[in-house]
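> the sequence and its predicted three-dimensional model are supplied below.
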Amino acid sequence: MTNSIEELLREGYDRLTADAKAPAGIVSRAQRHNRKRRIAALSATGVALAAAAAVITVTVVPPRSSPAPQVQTVAYVTSRAQHALTAVAQGNAIEEVSATASNGTFGFTVINMALSEQQNPSGSAVLPGVLGSVKAQRMSSWFYRGLMLQEGFSATGKLVFAASIGTVTSPSGKHVPEAYGAAYPVRTRWRSPLVGPNGNAPALTCSNAFPGAATPDLRATILKALSCKLFVLDGRQQVDGVDAIKLVMKPPAGLPVRETLWLDPSTYLPLRTSTAFLASHGQVSLLVQDYRWLPPTPANLAALHAAIRRATIPAGFRMLPSADLPLAGFDTPLAPQP
Amino acid sequence: MAREWGSADWERLLAQRGDRLMGTAIALTGSRDAGEDLLQAALERVLRKPRQGDWDIEGYLRRVLYNLAADGWRRRGRWRQRLPLLRSEAMVAAADDTAVVDLRDVLVRLVLQLPPKQRAVIVLRYWEQRTEAETASLLGCSEGTVRSASARGLRRLRELAGPSAGTGTQLTEGRS
């Protein structure tokens, strides 16, 4: 009988790889892909040369009558924005996000948090189909120091779902996070403790640091993208009456996503982000998120706590198993890449 | 002078050693589909430069395989699949839902939650039974890095697996 983690790992890998077969034709597929890559690289070189010529042309055109923009380097803007977002992380603001989708919807991925054979006999962490029919056209979210509330609405403004993360006291007296909510069209509710490994979001990296990708923590996502120096300045643009600083993301290699960030020039906090990508249905999907940064006054915090507890759930709703964790988000997949 | 490797040589190598290479790729990625992608990516990398015939081509291909996995090669592919606002590593762990769930399989899945380099070290050290020196040489890092990645990886696995791995660590908080 095995009893060390090292032996268990070895046996687990032996089982996982027992029937490994190299797929037929993999060499020719790799050669074909390399040929395509070479062709694409040659095309890109041509585009880059054309773009360089265009830049040179633009720079010799004398300035028009428009006022000279304030001189700000991307390093300066990045540094100010990082300071502002770090202060928010320390609890000096409640983050409010209003998200709308074009050619896309908000919905749920349901995770089974159980890891044992008894609790999860299928062995799959994602539960396909559960809440799959619940779709919203816009979503409002609030975040403050581990608290979260997300509400999804239909195109006519009807509340489709309310999903929150608050804290509850466990029998041992510990404060533990708990997901709570309801999906109204399908008369379903849930209450799931967020403990164990599956409640953790993946680590942010320079490859996944854009809103809509890795984690619900948009503030941390933007902060990470700034620290990775993924943005370049793109002048000013009006956003809801504010002469916002516009930054565009230099997409990580091959990433088919176009990301834009607008900052409030007085606070250097985000006003808006937009994420455009080619979706699997063949059209460009656009996710736009508008931000408000609310002071954590006693009244605002009381309102947030009340809203998290509020979710009025009518009698007769079915309860999901306690290990099921519905995660709300933008649920339109990217198009497969050629 | 040594002859340059052609398509037939590569096909022959894959016919003889492909299953072992595929096994390594599956172990490094945790699923058959991802393993196939990783093996193809490694082949693409190796095929980009012409190779002469008198060298350890399988060893080189393996080295590329390990290093692509350790560098988080798969991360970019994930974004191409899905763009949810909320995401859990558990989704990644669900790549192969045909496996029978027992402790061994759970551990192998939990390895997917480790950073790519720790994952590669775990596979090399505890599945392929490589020494610290061999692992360090294959991954192009120091033995100290291998030691710390291995220790951190195992510690994290024990935390994640909880009492089921005989460690005494609590996996979940009880609820009423």
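In hand now; what should we look at?

> skipping its backbone neighbours, what lies nearest residue A:165 in space?
The shortest distance from residue A:165 to any non-neighbouring residue, by C-beta to C-beta, 6 or more residues apart in numbering or on different chains, is to residue A:148 (4.3 Å). Where C-beta positions appear, they are placed from N, C-alpha and C, glycine not excepted.

> report the beta-bridge partners for that neighbour.
residue A:143, residue A:165 (DSSP bridges).

> could you report the neighbour count for it?
When neighbours are counted by other C-beta atoms under 10 Å in any protein chain shown, residue A:148 registers 22.

> which residues sit in contact with it?
A:141, A:142, A:164, A:165, A:216 (C-beta atoms under 8 Å, 6 or more residues apart in numbering or on different chains).

> show the contacting residues for the first one.
In this case it means residue A:141. Residue A:141 neighbours (C-beta under 8 Å, 6+ apart): A:95, A:96, A:97, A:99, A:148, A:149, A:150, A:151, A:216.

> the fourth one pairs with what?
Spelled out, it's residue A:99. residue A:139, residue A:289.

> same thing with the first one?
Beta bridges link residue A:95 to residue A:143, residue A:293, judged by DSSP bridges.

> the closest residue to chain A within chain B: neighbour count?
Residue nearest to chain A within chain B (C-beta to the nearest C-beta): residue B:18, separated by 2.7 Å. Counted by other C-beta under 10 Å, the residues lying close to residue B:18 total 21.

> helices of the stretch 151-300 of chain A, start to end?
A:218-227, A:298-310 (DSSP state H, counting those that start in this stretch).

> what pLDDT does the residue nearest to residue A:165 get?
On pLDDT, residue A:148 comes in at 85.

> picking that back up, let me know which of the helices of the stretch 151-300 of chain A is tucked in deepest.
Mean neighbour count (mean count of other C-beta atoms under 10 Å in any protein chain shown) peaks for helix A:218-227 among these, with a mean of 21.

> what's next to that helix, contact-wise?
By C-beta under 8 Å, 6+ apart, the list of residues contacting helix A:218-227 reads A:78, A:81-82, A:85-86, A:88-89, A:95, A:97, A:143, A:204-206, A:209-211, A:213-215, A:231, A:249, A:259, A:261, A:270, A:273, A:289, A:291.

> let's see it at 6 Å
A:78, A:81, A:82, A:85, A:88, A:95, A:204, A:209, A:211, A:270 (C-beta atoms under 6 Å, 6 or more residues apart in numbering or on different chains).

> buried only: go through those for me.
A:78, A:81, A:85, A:88, A:95, A:204, A:209, A:211, A:270 (16 or more other C-beta atoms under 10 Å in any protein chain shown).

> flag whichever of these scores worst on pLDDT.
Lowest confidence among the buried ones among the contacts of helix A:218-227: residue A:211, with 64.

> what's the lengthiest helix in chain B packed up against?
If you go by DSSP state H, chain B has its longest helix at helix B:7-29. Identification of packing neighbours for helix B:7-29 by 3 or more C-beta pairs under 6 Å, 6 or more residues apart in numbering or on different chains; DSSP states H and E yields helix A:26-59, helix B:32-47.

> averaging pLDDT over each of the ones you listed, which comes out lowest?
helix A:26-59 (a mean of 51).

> got the buried residues for the helix or strand following that helix?
The helix or strand immediately downstream of helix A:26-59 is helix A:74-87, counting by DSSP states H and E. For helix A:74-87, the neighbour count (16+ other C-beta under 10 Å) marks A:77, A:78, A:80, A:81, A:84, A:85 as buried.

> please name the nearest non-neighbouring residue to residue A:85.
residue A:223 (4.6 Å).

> I'd like to know which helix or strand in the chain has the lowest mean pLDDT.
No chain specified, so I'll use chain A. Least confident helix or strand, chain A: helix A:26-59 with a mean of 51, by mean pLDDT, DSSP states H and E.

> chain B was what I was after
helix B:89-93 (a mean of 32).

> count of neighbours near residue 158?
Going with chain A. 12.

> if you could check chain B rather than the one you did, that'd help
18.

> would you verify that it is located in a helix?
Yes - per DSSP: H, G, I helix; E, B strand; the rest coil, residue B:158 lies within a helix segment.

> what does the pLDDT read for it?
pLDDT at residue B:158 comes out at 83.

> before we move on, what about residue A:217?
Residue A:217 is given a pLDDT of 69.

> could you give me the buried positions within stretch B:126-141?
Buried, per 16+ other C-beta under 10 Å, within stretch B:126-141: B:126, B:127, B:128, B:130, B:132, B:135, B:136, B:138, B:139, B:141.

> CSV for the residues you listed, including secondary structure and distance to chain A?
Shown next, in CSV, are those (DSSP: H, G, I helix; E, B strand; the rest coil; distance: C-beta to the nearest C-beta, whole Å):
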residue, secondary structure, distance to chain A
B:126, helix, 5
B:127, helix, 4
B:128, coil, 9
B:130, coil, 12
B:132, helix, 14
B:135, helix, 14
B:136, helix, 18
B:138, helix, 17
B:139, helix, 18
B:141, coil, 19
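
> farthest pair within those?
Spatial extent of the buried residues of stretch B:126-141 (C-beta to C-beta) is set by the pair B:127 and B:141 at 18.5 Å.
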